[in-house]
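Engineer: 3D, please:
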Amino acid sequence: MDVALLAVAVAALLTAAVARRLNWSAPLLLVPVGLAGSQIPGLPDTAFDPDLVLFAVLPPLLYSAALDSSSLALRRNARAIGLLAIGLPLATTAVVGVVAYLTIPQFPLAAALVLGAVVAPPDAVSASAIGRRLGLPRRIMTLLGGESLLNDATALTAYRVALAAAVGTGVTLLEGARTFLGAAIGGTLIGLGVGIVVAAIRSRLADPVMESAIGLLVPFVAYLAAEQVHSSGVIAVVVAGLYLGQRSTRAGYATRLQDTAVWKAVDVVLESFVFLLIGLQLPSVVQGLHGRSVAEVVGASLAVLVAVIAVRLLWVYPATYLPRLLSARIREREPAPPPRGVFVVAWSGMRGVVSLAAAFAIPLTVNSGGPFPGRDMILFITFAVVVGTLLLHGLTLPWLITRWGVDNEEERRKDALALAAAQDKAARAATEVLDSLVANADGDPAAVRERAAEILRTWSEHRAHAAWERLGRSEAELGESPSAAFRALRLRMLETERNVFLAERDSGRIDDEVLRQVLRELDLEEATLNRE
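Structural biologist: Next up, the predicted model:
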C-alpha cells in the first residue's frame, strides 16, 4: 500500500504539471486520468482510506485556504456564507435523503439521510482554482472560499447524527442540534487557543525556518485536539488558520515569503493526490454492487445527482435575493448582485474527497450485528456524484464565466486607485521618516544627506564596497559603507510603508488581497536588502 500511494502521488504530480503547463484545470485532468488508470490490469490496489484523508489531507488543505482568506471579508459576507455553509448542506441532506428513500427499494430513511449528508458538502478547490484563473469577482471568490471552509463541519456533523440513527443509536433532532452547537463552539475555542499559543511562540523565535516548521504542525494539532473532545476538528483548523493568517501581516518578511512557498507546494501535492485517488476508486465501488441491476444503480445515481444540483440552484437564488426583499437595511448596505454572478455561485457545486472519505468511513455493520443497509449503493452513488459534478460543472463553468463576462475588471480598477492612494500615503510617510533620520544623524547633516543621495543615485560604489565586505573586512575598517547606510535607511522606510498599508487595510480602504500583493513586493525588497 505504501508503494501504491507513493506511485499515486508521483503520477498525480506529473499529471498536474502537464495541466499547469497547458493552463488546464488540474482536477479536471486528474479525475479522468485516475478513471483510465483504474482500468489498467495489474496495478496495485489503492483502496480509499478515510482516516488518511480526514486527518492527513483535509486539515492542511483547509488550513492553507484559511491562511489566504480575509477574515474581514468573511465577516462582511457572514450572512451569505452562513446560508451557503450551514443552511445549504442541511437542506441538501434532507432533500437527497428523501429522494434516495423514494428511489432505492428497501432503503431505510436513516441510511438515506446518511447518503444525503455524505454528498452535501461541495469541494470548492476546483471552483476556486477556475475562478482565480479566469478572474472571478472578489465577492464570488469570498463566498466560495468561505463556504468551502465551513460547509465540511456542517455536513460532517449531520453525517454523524444520521449515522448514529442508522446504526441503532437513538438520537433526536434536539440532540443533533445540541451536538452541532457543541462541536461548533468547542472547535472555535480550540482553534482560537491553538492560534494564540502558536502566534506567541512564533513571535519569540525570530527563526523563519522554525516558524514555518511549527506552522506545518498547526492543522494537525488543532484537528486532533478538537476531535479528541468530540468537537469539530474542521472548525478548529479553520479558526486557527484565520487567526494566524491575520497575524501573519505583522510577522517577519522571511517567514511570510517562506510560508507562502511552503503552503503552495503542500497544496499542489495534496490536491493532485486526492483528485487522482478519486478516479482510481472505480473498481472498488463497482465490486460492492452484488445483486443490483444496472437500471437500479444508474437510476438512483442520476436521481441523486439531479437532486444535488437542483437543491443548490433552488437554494442560492432565494438566499441571495429574499433577504434584500425583506430588509431595507440590507438593500442599502448590499446592492443586489447580477443574476449571472449568482448562477456562477449556484453552478459551483462540485463534490470532492470529503464526500468519498465519509462514504468509505461508514461501518460495515450496525449495532444489531447485521450489515449496514445499502452501504454499497451509498459508496457508488457518492462516487457517481463526485465524478459527475466535477466533470459537469468543471467543464462548463469556465465557458459560462467567459461567455457571460463575469470578471473582476471593475474591481481591478478600483483596487488600482485604492492602491495608488495608499502607495502615495506610504511614500510620503517613508520620505518623512528618511528626512527625520538624516536630519537627526550624528555628524554633519549636509554631508549625510549628500552621501545618502549619492547612494540612491548609483550602485557602483555599493558593489565595490560589497566586494570588500565579502572578503571579511569589518565595518570599523571600512567606515559606514554606502551599502550599510542605504540598507539602514531603506529598511526604516519599508517598515513605515508596511505600517501605512496595514492601517489602510484595517480602515477598509484596501482589501486583504491587495495588502498581500503589496506586502509581497515589500518583503521581496527587504529580502534583497538582507540577502547576506
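Engineer: Where does pLDDT dip in this protein?
Structural biologist: 1, 44-45, 124-127, 168-173, 438-485, 531-532 (pLDDT under 70).
Engineer: Distance of Ala426 relative to Val209?
Structural biologist: According to CB to CB, to the nearest Å, Ala426 stands 30 Å off from Val209. Heads up, the C-betas are built off the backbone N, CA and C, glycines and all.
Engineer: Tell me which stretches of the stretch 201-350 of the chain form helices.
Structural biologist: Along the stretch 201-350 of the chain, counting by DSSP state H, counting those that start in this stretch, helices occupy 208-228, 233-247, 253-279, 282-287, 294-326, 328-333, 339-346.
Engineer: Please work out which of these is packed deepest.
Structural biologist: Burial of those is given as mean neighbour count (mean count of other CB atoms under 10 Å); helix 233-247 ranks first at a mean of 27.
Engineer: Tell me which of the helices of the stretch 201-350 of the chain sits nearest to Gly97.
Structural biologist: helix 294-326 (9.5 Å; CB to CB).
Engineer: angle of that closest one against helix 339-346?
Structural biologist: 130 degrees (axes from the mean of the first three to the mean of the last three CA atoms, to 10 degrees).
Engineer: For Leu150, which non-adjacent residue is spatially closest?
Structural biologist: Once flanking residues are discounted, Leu150 sits nearest to Ala85: 3.7 Å by CB to CB, 6 or more residues apart in numbering.
Engineer: Just list the residues touching the one you found, thanks.
Structural biologist: 146-147, 149-151, 154 (CB atoms under 8 Å, 6 or more residues apart in numbering).
Engineer: From the residues you listed, pick the one nearest Asp2.
Structural biologist: Distances from Asp2 to the contacts of Ala85, taken by CB to CB, are shortest for Leu149, at 31.3 Å.
Engineer: The residue nearest to the closest one when sequence neighbours are not counted and Thr396, how far apart?
Structural biologist: Excluding the flanking residues, the one nearest Leu149 by CB to CB, 6+ apart is Val238, at 4.7 Å. Distance, Val238 to Thr396, using CB to CB: 29 Å.
Engineer: got the residue ranges for the helices in the stretch 1-150 of the chain?
Structural biologist: Using DSSP H, counting those that start in this stretch, helices in the stretch 1-150 of the chain cover 2-21, 26-37, 50-51, 58-67, 71-76, 78-82, 88-103, 109-118, 124-134, 138-166.
Engineer: Quick one: closest of those to Leu379.
Structural biologist: The closest of the helices of the stretch 1-150 of the chain to Leu379 is helix 109-118. By CB to CB, the value is 9.3 Å.
Engineer: Show me what the closest one is in contact with.
Structural biologist: The contact list for helix 109-118 (CB under 8 Å, 6+ apart) reads 89, 92-101, 104, 155-156, 158-159, 161-163, 165-166, 304, 355, 358-359, 362, 372-374, 377-378, 381-382.
Engineer: Going through those, which ones are buried?
Structural biologist: 89, 92-97, 99-101, 104, 155-156, 158-159, 161-163, 165-166, 304, 355, 358-359, 362, 372-374, 377-378, 381-382 (16 or more other CB atoms under 10 Å).
Engineer: Nearest residue to the middle of the protein?
Structural biologist: Most central in the chain under CA atoms, centre = their mean is Ala65, positioned 2.2 Å from the mean C-alpha point.
Engineer: Test my guess that that residue contacts Gly245.
Structural biologist: No: look at Ala65 against Gly245 with CB atoms under 8 Å: they stay out of range, at 9.5 Å.
Engineer: Next up, the contacts around Thr365.
Structural biologist: 371-372.
Engineer: What does it show for phi and psi?
Structural biologist: Dihedral pair for Thr365: phi -130, psi 160, per degrees, to the nearest 10.
Engineer: any idea how far it is from Ala225?
Structural biologist: Distance of Thr365 to Ala225, given as CB to CB: 30 Å.
Engineer: cool, and Phe48?
Structural biologist: 26 Å.
Engineer: again with Ser231
Structural biologist: From Ser231 to Ala225 the distance is 8 Å (CB to CB).
Engineer: Determine the residues that are contacts of both of the two.
Structural biologist: Listed as contacting both Ser231 and Ala225 by CB under 8 Å, 6+ apart are Ile190.
Engineer: How much space separates Gly80 from Leu74?
Structural biologist: Just so we're on the same page, residue 80 is Ala rather than Gly. Counting by CB to CB, the gap from Ala80 to Leu74 is 10 Å.
Engineer: again with Trp315
Structural biologist: Distance from Trp315 to Leu74, by CB to CB: 20 Å.
Engineer: now swap in Leu90 and tell me
Structural biologist: Taking CB to CB as the measure, Leu90 falls 20 Å from Leu74.
Engineer: of these two, who's got more company?
Structural biologist: In terms of neighbours (other CB atoms under 10 Å), Leu74 is the more surrounded of Leu90 and Leu74; the figures are 20 against 17.
Engineer: Now do the closest residue to the more buried one other than its chain neighbours: how many residues are near it, please.
Structural biologist: Nearest residue to Leu74 in three dimensions, chain neighbours excluded: Gly146, at 5.1 Å (CB to CB, 6+ apart). Residues near Gly146, counting by other CB under 10 Å, number 25.
Engineer: you'd agree Gly146 is up against Arg75?
Structural biologist: No: with contact defined as CB under 8 Å, Gly146 does not reach Arg75; the gap is 9.9 Å.
Engineer: Now for these two: what residues contact both?
Structural biologist: Common neighbours of Gly146 and Arg75, using CB under 8 Å, 6+ apart, do not exist here.
Engineer: where's Phe180, which helix or strand?
Structural biologist: Here Phe180 sits within helix 173-205, counting by DSSP states H and E.
Engineer: what helices or strands is that helix leaning on?
Structural biologist: Applying 3 or more CB pairs under 8 Å, 6 or more residues apart in numbering; DSSP states H and E, we find helix 173-205 packed against helix 138-166, helix 208-228, helix 233-247.
Engineer: Give me the buried stretch members for that helix, please.
Structural biologist: Quick answer for helix 173-205 (16+ other CB under 10 Å): 176, 179-180, 183-184, 186-195, 198-199, 202.
Engineer: what helix or strand is Glu525 on?
Structural biologist: Glu525 is part of helix 512-529 when elements are defined by DSSP H and E.
Engineer: contacting residues around that helix?
Structural biologist: Contacts of helix 512-529 (CB under 8 Å, 6+ apart): 68, 70-73, 138, 249, 253-254, 256-257, 260, 415, 418-419, 422-423, 487, 490-491, 494, 497-498, 501-502, 504-505, 510.
Engineer: same check, this time on stretch 389-398
Structural biologist: For stretch 389-398, the surrounding residues in contact (CB under 8 Å, 6+ apart) are 25, 27-28, 31-32, 122, 126-127, 130, 133-134, 275, 278, 305, 308-309, 344, 347-352.
Engineer: Quick check: buried residues in that stretch?
Structural biologist: Under the neighbour-count criterion of 16+ other CB under 10 Å, stretch 389-398 has 389-391, 393-394, 397-398 buried.
Engineer: do stretch 57-76 as well
Structural biologist: 57-70, 72-74, 76.
Engineer: how long is it end to end?
Structural biologist: 29 Å (CA to CA, to the nearest Å).
Engineer: for that stretch, the distance to its chain's centre please.
Structural biologist: Using CA atoms, centre = their mean, to the nearest Å, the mean C-alpha position of stretch 57-76 is found 5 Å from that of the whole chain.
Engineer: Thank you kindly, that will do.
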